[in-house]
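Enquirer: sequence unknown, structure follows:
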């Protein structure tokens, strides 16, 4: 089931991070499978008590997406010719207005189905802006140093513990330009829908870590980043960070 970490608010973050396993392969495989199945529209076998939950019915009807999608462009709208890296991109280039932004898009994704779909269609849509999608987790960024003006990572932080995101923040810092920004979202464990959404996601195949926003802010501070702007949502809170 979902693991709630809000009780760790008073715990020293360094010792908390040190207690986590440095091996993330099981989480990678579970998250990749969960989203590959959704993109393929596979059926999920869920217990009756989950099928009766209102949040499942919202998900099944396609009404949940708008509530859990973070509008990253409201905090850092890509500009013409900026180099942007979208981590956990899904099919972002096909559904968000990258053509209107005229920003150069690089994607990275852990699930092969959306990666393959985007790579097969992205260059047809705009070969000048679309630079392809790599299949790799967010902590493994094989790009030149200081290449990107903007890095985005939304919708998947909750599937990994804080120790993993310590690695992600360090990796993002290395590929961002000194004046660049990193925009990501973190689940608000105190949000009204958080517990039920975490239960649903766990049954769909990807365990959710309900970390407190206080612990997220401690992690950001320890990484050397500064919070430039925040924006709350129904479930996720957006952060715009600067490492400069």
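Expert: All right, it came through fine. Remember, it's a predicted structure, so these values are computed and weren't measured experimentally.
Enquirer: Was I right to think residue 94 contacts residue 121?
Expert: Yes. The pair residue 94 / residue 121 is scored as a contact, 6.3 Å apart, by Cβ atoms under 8 Å. C-beta here means a position set from N, CA and C on the backbone, and glycine is covered the same way.
Enquirer: Identify the contacts common to those two.
Expert: In terms of Cβ atoms under 8 Å, 6 or more residues apart in numbering, residue 94 and residue 121 are not both contacted by any residue.
Enquirer: For the longest strand seen in the chain, which residues meet the burial criterion?
Expert: Counting by DSSP state E, the longest strand found in the chain is strand 176-187. Burial within strand 176-187, assessed by neighbour count using 16 or more other Cβ atoms under 10 Å, is assigned to 176-177, 180-187.
Enquirer: got it, and stretch 102-117?
Expert: Taking 16+ other Cβ under 10 Å as the criterion, stretch 102-117 shows 103-111, 113-115, 117 as buried.
Enquirer: Sheet-wise, list the partners of the longest strand of the chain with their directions.
Expert: On the basis of DSSP bridges, the sheet neighbours of strand 176-187 come out as strand 148-153 (parallel), strand 236-242 (antiparallel).
Enquirer: Residues contacting that strand, please?
Expert: Residues lying outside strand 176-187 but in contact with it, judged by Cβ under 8 Å, 6+ apart, are 70, 72, 75-76, 146-155, 157-158, 169, 172-173, 194, 198, 208, 210-211, 213, 216, 225, 228, 233, 235-244.
Enquirer: And these, which of them are buried?
Expert: Using 16+ other Cβ under 10 Å as the burial test, the contacts of strand 176-187 include 70, 72, 75-76, 147-155, 157-158, 169, 172-173, 194, 198, 208, 210-211, 213, 216, 225, 233, 235-241, 243 as buried.
Enquirer: Report the contact partners of residue 27.
Expert: Applying Cβ under 8 Å, 6+ apart to residue 27 gives the contacts 159-160, 164, 207.
Enquirer: Which pair of those spans the longest distance?
Expert: Between all members of the contacts of residue 27, the longest pairwise span (Cβ to Cβ) is found for 164 and 207 and amounts to 12.6 Å.
Enquirer: Quick one: the strands paired with strand 176-187 as a markdown table, columns for distance to residue 125 and mean pLDDT too.
Expert: Listed next are the strands paired with strand 176-187 as a markdown table, based on distance: least, Cβ to Cβ, whole Å; pLDDT from 0 to 100:
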| stretch | distance to residue 125 | mean pLDDT |
| --- | --- | --- |
| strand 148-153 | 18 | 98 |
| strand 236-242 | 26 | 98 |
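Enquirer: With distance to residue 129 as added columns, please give those strands in TSV.
Expert: Converted to TSV, the strands paired with strand 176-187 look like this (distance: least, Cβ to Cβ, whole Å):
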stretch	distance to residue 129
strand 148-153	14
strand 236-242	22
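Enquirer: Could you say which one of the ones you listed comes nearest to residue 50?
Expert: Of the strands paired with strand 176-187, the one closest to residue 50 (Cβ to Cβ) turns out to be strand 236-242, at 21.5 Å.
Enquirer: now the closest one, how far from the chain's geometric center?
Expert: 11 Å (Cα atoms, centre = their mean, to the nearest Å).
Enquirer: got the contact list for it?
Expert: Strand 236-242 is contacted by residues 68, 70-72, 74-76, 154-155, 158, 179-188, 213, 216, 220, 225-232 when judged by Cβ under 8 Å, 6+ apart.
Enquirer: could you pull out the helices for the chain?
Expert: Using DSSP state H, the helices of the chain run over residues 13-18, 25-39, 48-51, 54-60, 65-68, 92-95, 98-101, 112-126, 162-175, 194-204, 213-222.
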